[in-house]
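**Q** quick one, fold the following:
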Amino acid sequence: MSKVVSIVVVAKGIKDYLKSCLESIKTQTHLEFETIIIDNSKTNLFYCAALNKGIKQSKGDFILCLNDDVVLDKRFIQEALRGFFINTKIGMVSGKILRSDGVIIDSAGLFLSPWRTAKERGYGLKDKGQFEKEGYVFGVNGAAAFYRREMLEGISQDGNYFDEDFHIFYEDLDIAWRAQRKGWRAYYVPKAIAYHVRGGTVRNIKGINRSYARRYINNENLSFHLFKNRYLALIKNESFFDFLLHLPFIFFYDFLIWSYVLLFRPRLIRRFFCDFHYCQSAFRKRKTY
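**A** Modelled structure (predicted):
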């Protein structure tokens with residue numbers, strides 16, 4: 001199998017993130033790659049549509065999807081690529097993603113939480129070498145998501161790899177969940193290191209690298225997508241048995257989130273029910289998958 005990697009970078013044109021990202025790509029020890037930049041600074045396609053556009057233009061057997069606020073260690077591609085060759089059913093590879101300070105962990109692999117959210121292992125913890133063991137995970141963080149093209153082609157829906165109804169947020173959980181249902185697996189390689197400015201392209205300055213994203217997203221449209229997309233992922237992917245098994249956790253989380261929305265972002269409630277076509281679309285995709 002070819003080891004050509006297509007790197008798709010979605011750029012928002014904020015600060016000098018893109019420059020730093022591209023400089024880190026140029027220094028990669030793995031030399032067989034192409035770089036595709038999708039400019040979202042003038043016309044915002046949102047993350048999912050931008051990635052779909054880039055992937056459709058790409059030629060590599062492996063696709064590395066990057067936020068422009070990510071910087072790669074020079075051996076990232078070389079180390080991460082090795083994970084795909086451990087097992088032919090590994091369709092996703094996660095590296096160790098640290099915050100931009102190189103001290104705090106952003107993600108050591110993505111998991112599906114009991115309350116059916118995307119859980120980033122190690123999120124917010126100081127890196128003390130506690131996640132140095134390779135192994136299987138549920139999925140990969142969307143900021144630096146490495147995929148096997150064969151997997152992406154096999155799980156595509158409506159001609160797209162990422163579900164464009166999601167726009168942004170939870171798209172990495174949805175694609176991982178779909179892939180798991182099709183028999184694909186995800187693998188974590190800690191020697192593949194990347195650095196991420198958490199929230200660099202979507203939060204206000206006070207929220208950079210902070211936990212609890214909802215508090216720092218002032219854009220109502222982005223807040224809406226963050227709110228609705230957990231439900232889209234559930235509708236599309238959750239089995240009836242697992243839904244019943246996790247129902248107490250789901251209810252508890254929903255109580256907290258709906259309370260927060262009611263108190264601080266009440267306009268989202270009206271929009272959620274007025275834009276119910278997103279949920280209808282998710283039910284349709286569930287039936288056809």
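
**Q** how many neighbours does Gln180 have?
**A** The tally of other residues near Gln180 (other C-beta atoms under 10 Å) stands at 18. Quick note: C-beta positions are derived from backbone N, CA and C, even for glycine.

**Q** ok, Pro114 next?
**A** 13.

**Q** in space, what's closest to it - neighbours in sequence excluded?
**A** Here the nearest residue to Pro114 in space, its sequence neighbours aside, is Phe249; by C-beta to C-beta, 6 or more residues apart in numbering that works out to 4.1 Å.

**Q** give me the pLDDT for the one you found.
**A** pLDDT, the model's per-residue confidence, is 97 for Phe249.

**Q** how many neighbours does it have?
**A** The number of residues packed near Phe249 is 14, by other C-beta under 10 Å.

**Q** pretty sure it is in a helix, no?
**A** Yes. Under DSSP: H, G, I helix; E, B strand; the rest coil, Phe249 falls within a helix.

**Q** for Gly135, name its beta-bridge partners.
**A** Listed by DSSP bridges, the beta-bridge partners for Gly135 are Tyr188.

**Q** state the distance from it to Tyr188.
**A** 6 Å (C-beta to C-beta, to the nearest Å).

**Q** contacts only, for Lys133.
**A** Going by C-beta atoms under 8 Å, 6 or more residues apart in numbering, Lys133 touches Pro190.

**Q** look up how far Lys119 lies from it.
**A** Look at Lys133 and Lys119: by C-beta to C-beta, they are 18 Å apart.

**Q** swap in Arg99?
**A** Per C-beta to C-beta, Arg99 is found 17 Å from Lys119.

**Q** okay, now the unreliable bits of this structure?
**A** Low-confidence segments of the chain, defined by pLDDT under 70: 1, 200-218.

**Q** ok so, going back, Gly135 and Tyr188: who's more crowded?
**A** Taking Gly135 and Tyr188 together and counting by other C-beta under 10 Å, Tyr188 has the greater number of neighbours (25 against 11).

**Q** in contact with the more buried one: list those residues for me.
**A** The contact partners of Tyr188, by C-beta under 8 Å, 6+ apart, come to 83, 93-96, 108-109, 131, 134-137.

**Q** just the buried members of the residues you listed?
**A** By the neighbour-count criterion of 16 or more other C-beta atoms under 10 Å, the contacts of Tyr188 include these buried positions: 83, 93-96, 108-109, 131, 137.

**Q** next, give phi and psi for the residue nearest to Cys65 when sequence neighbours are not counted.
**A** Taking C-beta to C-beta, 6+ apart as the measure, Cys65 lies nearest to Ala145, with 4.5 Å between them; neighbours along the chain are not counted. Recorded main-chain torsions at Ala145 are phi -100, psi 120, according to degrees, to the nearest 10.

**Q** which parts of the stretch 1-150 of the chain are strands?
**A** Listed in chain order, the strands found in the stretch 1-150 of the chain under DSSP state E, counting those that start in this stretch are 5-11, 33-39, 62-67, 70-72, 90-99, 105-107, 110-112, 118-120, 135-137, 144-148.

**Q** what's the closest of these to Phe169?
**A** Between Phe169 and those, the tightest spacing by C-beta to C-beta is seen for strand 118-120, at 8.8 Å.

**Q** report the distance from the closest one to the chain centre.
**A** Using C-alpha atoms, centre = their mean, to the nearest Å, the mean C-alpha position of strand 118-120 is found 10 Å from that of the whole chain.

**Q** what residues does it touch?
**A** For strand 118-120, the surrounding residues in contact (C-beta under 8 Å, 6+ apart) are 106-113, 139, 141, 170, 172-173.

**Q** now flag whichever of these is closest to Ile63.
**A** For the contacts of strand 118-120, the closest approach to Ile63 (C-beta to C-beta) belongs to Asp172, at 13.2 Å.

**Q** so what does whichever strand or helix holds that closest one touch, helix or strand wise?
**A** For Asp172, the enclosing helix or strand under DSSP states H and E is helix 171-181. Here helix 171-181 is seen to pack against helix 46-57, strand 90-99, strand 110-112, strand 144-148, helix 149-155, strand 185-196, helix 220-237 when contacts are counted using 3 or more C-beta pairs under 8 Å, 6 or more residues apart in numbering; DSSP states H and E.
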